[in-house]
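*Asks:* I would like the atomic coordinates for the input below:
(one chain, ligands or ions: 1)
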Amino acid sequence: MIKYLTDISNVLVIGCGGAGLRAAIEVKKEGLNVKIIGKRHKKDAHTVLAAGGINASFGNVDIEDSWEQHFLDTYLEGYEIGNIEHIEIMAKESPLFVTEIDRWGANFSKLGNGKLDQRFFGAHTYRRTCYSGDYTGQSILNTLLKKVKELEIPILDNQYVTDLLLEDNKCFGALSFNTSTGDKTVFVADAVILCTGGHTRNWKRSSSRKQENYGDGYHLALKAGCSLTDMEMVQFHPTGMLKPEDIAGTLVTEAVRGEGGKLFNSLGERFMVNYDKEKMELSTRDKVAIANYTEIIEGRCTPNGGVYLDISHKEKDFILKKIPKIYRQFLEAQMLDISKKPMEVAPTAHYSMGGIKVTSQEHATSLSGLFAAGEVAGGLHGANRLGGNSLAEILVFGARAGKYASIYSKNLSIQIRSKKRIKLLIEKINNLIKKGEENSITLQNELANLMWKHCGVVKSEKSIKEGIKKIKSLKKRSEFVDVRIEKNNVQDLINLLNLKSSIITSEATLLSSLARRESRGAHQRSDYKNFSKSENYNYLISMENNNSLVISKEIIKPLEKKYKDLLIDRKIFKDFKNRLLE
Ligand SMILES: Cc1cc2nc3c(=O)[nH]c(=O)nc-3n(C[C@H](O)[C@H](O)[C@H](O)COP(=O)(O)OP(=O)(O)OC[C@H]3O[C@@H](n4cnc5c(N)ncnc54)[C@H](O)[C@@H]3O)c2cc1C
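*Replies:* Residues are numbered from 1 along each chain as shown. Next comes the predicted model:
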């Protein structure tokens, strides 16, 4: 007989980051029973890393700001493939949610008049980014955790979800195992909300840490029959650390450039002059990433394969005041005093703009009873995410997903559960525990190198096709991974499941990157260098029964008149001086 525990709630939230916590709070407010589960410690979800701030068009500093301008900045900087309704909702509702979280205790910086202070972030027309020093994500996460505790919402943060439970084309819960003991639990629920973050750990250099962002949520959704949108749109941040190897990719905030940091190649040339003469180091994230990447691959790189970022021309006191975290980061990791010597940096995979295709209002997926919010959901950012919009997204759409999952649960008259399905899924997991000649850590490293080489900052048909071939071989080899578990040690199983999600989501990204024959925002092709209006599509990925991925495309709807009018009437922004980037 197959052994498992059973747990029942109205709504199950998967993921303890900002989106998951905010979703659960909304469900509780709707009067329902809700549970949050996650595979990482609740105080250490990826959200904790967010630094610079969260956007809301209060107009506290620049009174001209408005939701319309926030909408326009997001839509235009997303190169016109972002979901227009998602953007409108985020721009209109973020002030409400930022006010709320501040009231709950996030303690954002205030102006003398008591209103929230707002700073510049890259490509925003006005100062609209609210912040708590350079630890805004931590402040938001702690506040949400406090609220969740007050509302007595249970969190189980040692649960690794392996599958969603489906019957009759409806989602009735999820299957997970305890990350310490391996005990399996069937979480039965009327509705499930996926808030599992992105997939940028798939790249060799990544601003995500180990054991996060392998794309689990995308994999779960694909297996459940949902589609992913815009998976080719992966944001590379221009400046990640290069050393030591195990933290390669850790972010070096754009505040360094915002505060006067200059980029040099190994020949001592301030090369940004060749890429954006006007804005130089203050150019947009995608442009600086391409510049750094080009200098590196054309051989003008530092001894460790990066470029130099230098702020040593500034006084030490200034550096310690403005970028204390970065000063400490380099001292601790490399024994490097950045007030004396330049840093070596290179682009790093930072944010997944693509994700599960969801409706705008409800953030419902195509599977009844399944909702998704936060970085795991696609559509808001199009081809380029503006700094500060992601934290706005997790609050606004976390709450919406919570609300609509609750409405769904309340309206559900009958829920069919399938013991047969549960048994089958558990057997599938158990079958992974076997001896084999492959090792998942080795394969994960190969995958990370492959994605860096074949699907990095700039790619081409040739490189992507080679990448797809290699992925197929990795997929085969992953069938022969050695998995041994003991009482209180299931790490082999965790590593294999991380690998499986990484492989499938990397393949999705390669396929979408191959299909999009143009360069747009974060998607740069050396064989199709120009933006092409004829590529005004969203590429969709879905999974067939035999585990293979298929790609299709959906034309972007023409803009309605109300949006066209906004575009015509917009102010063109030219002065970018003193605009601190994220
Ligand atoms: C260095 C850095 C700085 C940033 N700064 C900013 C900023 O200033 N402003 C901004 O707007 N954005 C910023 N971002 C982006 C932002 O932090 C994230 O996009 C956002 O926090 C994502 O939140 P989330 O709730 O969607 O997911 P996450 O916080 O990633 O949470 C995902 C949750 O899902 C769980 N999970 C995943 N898979 C499974 C599974 N199989 N089973 C169970 N649980 C699972 C995880 O354990 C975790 O609890 C930054 C990102 C980085 C890396």
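
*Asks:* so which elements touch the longest helix along the chain?
*Replies:* The helix that spans the most residues within the chain, counting by DSSP state H, is helix 491-515. Helices and strands touching helix 491-515, by 3 or more Cβ pairs under 8 Å, 6 or more residues apart in numbering; DSSP states H and E, are strand 159-167, helix 216-223, helix 440-454, helix 461-477, strand 537-543, strand 549-555. C-beta here means a position set from N, CA and C on the backbone, and glycine is covered the same way.

*Asks:* winner for burial among those?
*Replies:* helix 216-223 (a mean of 26; mean count of other Cβ atoms under 10 Å).

*Asks:* now that helix: mean pLDDT?
*Replies:* Mean per-residue pLDDT for helix 216-223: 98.

*Asks:* could you tell me the angle between it and strand 549-555?
*Replies:* For helix 216-223 against strand 549-555, the angle between stretch directions is 90 degrees (axes from the mean of the first three to the mean of the last three Cα atoms, to 10 degrees).

*Asks:* do helix 216-223 and the ligand meet at all?
*Replies:* Yes: interface with the ligand: helix 216-223 contributes Asp216, Gly217 (Cβ under 6 Å from any ligand atom).

*Asks:* give the pairing partners of whatever helix or strand comes next after that helix; include direction for each.
*Replies:* Sequence order places strand 228-229 as the next helix or strand after helix 216-223, per DSSP states H and E. Sheet pairing of strand 228-229 (DSSP bridges) gives strand 355-356 (antiparallel), strand 537-543 (antiparallel).

*Asks:* show residues contacting strand 228-229.
*Replies:* Applying Cβ atoms under 8 Å, 6 or more residues apart in numbering, the contact partners of strand 228-229 are 218, 221-222, 354-357, 378-379, 508, 538-542, 554.

*Asks:* report the buried residues of the helix or strand following it.
*Replies:* Using DSSP H and E, the helix or strand that follows strand 228-229 in sequence is strand 234-241. Within strand 234-241, the residues scored as buried using 16 or more other Cβ atoms under 10 Å are Val234, Gln235, Phe236, His237, Pro238, Thr239, Gly240, Met241.

*Asks:* relative to Lys110, which of the strands paired with strand 228-229 is closest?
*Replies:* strand 355-356 (33.8 Å; Cβ to Cβ).

*Asks:* beyond the closest one, next helix or strand please.
*Replies:* Next along from strand 355-356, by DSSP H and E: strand 370-372.

*Asks:* next, the contact list for whichever residue of the stretch 201-350 of the chain sits closest to the ligand, please.
*Replies:* Of all residues in the stretch 201-350 of the chain, Asp216 sits closest to the ligand, at 3.5 Å by Cβ to the nearest ligand atom. Taking Cβ under 8 Å, 6+ apart, we find Asp216 in contact with Lys39, Val161, Thr196, Leu497, Asn498, Ser501.

*Asks:* gap between the closest residue to the ligand within the stretch 301-450 of the chain and Tyr351?
*Replies:* Nearest residue of the stretch 301-450 of the chain to the ligand: Gly374, at 2.3 Å (Cβ to the nearest ligand atom). Remark: distance between Gly374 and Tyr351 (Cβ to Cβ, to the nearest Å) = 11 Å.

*Asks:* neighbour count: these two, which is higher?
*Replies:* Ranked by neighbour count (other Cβ atoms under 10 Å), Gly374 and Tyr351 place Gly374 first, with 31 against 23.

*Asks:* that one: what's it in contact with?
*Replies:* Here Gly374 is in contact with Gly15, Gly17, Gly18, Ala19, Gly20, Cys195, Thr196, Gly197, Glu393, Ile394, Phe397, Gly398 (Cβ under 8 Å, 6+ apart).

*Asks:* among those residues, who's most crowded?
*Replies:* Using other Cβ under 10 Å as the neighbour test, the contacts of Gly374 are led by Ala19, with 36 neighbours.

*Asks:* coming back round to it: tabulate the contacts of Asp216 (TSV), appending pLDDT.
*Replies:* Compiled in TSV, the contacts of Asp216 are given as follows (pLDDT from 0 to 100):
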residue	pLDDT
Lys39	97
Val161	98
Thr196	98
Leu497	98
Asn498	98
Ser501	98
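
*Asks:* closest to Lys419 out of the residues you listed?
*Replies:* Closest to Lys419, out of all of the contacts of Asp216 and judged by Cβ to Cβ, is Val161, at 18.9 Å.

*Asks:* that closest one touches Cys16, doesn't it?
*Replies:* No: with contact defined as Cβ atoms under 8 Å, Val161 does not reach Cys16; the gap is 11.9 Å.

*Asks:* please enumerate the shared neighbours of those two.
*Replies:* Common neighbours of Val161 and Cys16 (criterion: Cβ under 8 Å, 6+ apart): Ile37.

*Asks:* tell me what the one helix or strand in the chain whose mean pLDDT sits lowest is packed against?
*Replies:* Across the helices and strands of the chain, mean confidence by mean pLDDT, DSSP states H and E is lowest for helix 255-258: a mean of 83. Helices and strands touching helix 255-258, by 3+ Cβ pairs under 8 Å, 6+ apart: there are none.

*Asks:* ok, Glu438 to Val481 distance?
*Replies:* The gap separating Glu438 from Val481 is 5 Å, by Cβ to Cβ.

*Asks:* over to Thr505?
*Replies:* Distance, Thr505 to Val481, using Cβ to Cβ: 18 Å.

*Asks:* equivalent analysis for Leu443, please.
*Replies:* Relative to Val481, Leu443 is positioned 7 Å away (Cβ to Cβ).

*Asks:* between those two, which contacts overlap?
*Replies:* The contact sets of Leu443 and Val481 overlap at Leu499 (Cβ under 8 Å, 6+ apart).

*Asks:* circling back to that earlier point, of Thr505 and Val481, which one has the most company?
*Replies:* Thr505 (30 against 23).

*Asks:* roughly how far apart are the more buried one and Asp65?
*Replies:* 36 Å.

*Asks:* so how far is the first residue of stretch 343-361 from its last?
*Replies:* End-to-end distance for stretch 343-361: 44 Å, by Cα to Cα, to the nearest Å.

*Asks:* which parts of it are buried?
*Replies:* Residues of stretch 343-361 classed as buried by neighbour count (16+ other Cβ under 10 Å): 343-360.

*Asks:* could you do stretch 329-345 as well?
*Replies:* By 16+ other Cβ under 10 Å, the buried positions in stretch 329-345 come out as Gln329, Phe330, Gln334, Leu336, Ile338, Ser339, Pro342, Met343, Glu344, Val345.

*Asks:* state the mean pLDDT of it.
*Replies:* 97.

*Asks:* now stretch 100-107
*Replies:* Across stretch 100-107, pLDDT averages out at 96.

*Asks:* also stretch 14-26?
*Replies:* Mean pLDDT, computed over stretch 14-26, is 98.

*Asks:* what do you get for stretch 290-308?
*Replies:* Averaged across stretch 290-308, the pLDDT comes to 95.

*Asks:* how about stretch 319-326?
*Replies:* In this model, stretch 319-326 carries a mean pLDDT of 86.

*Asks:* how long is it end to end?
*Replies:* 9 Å.
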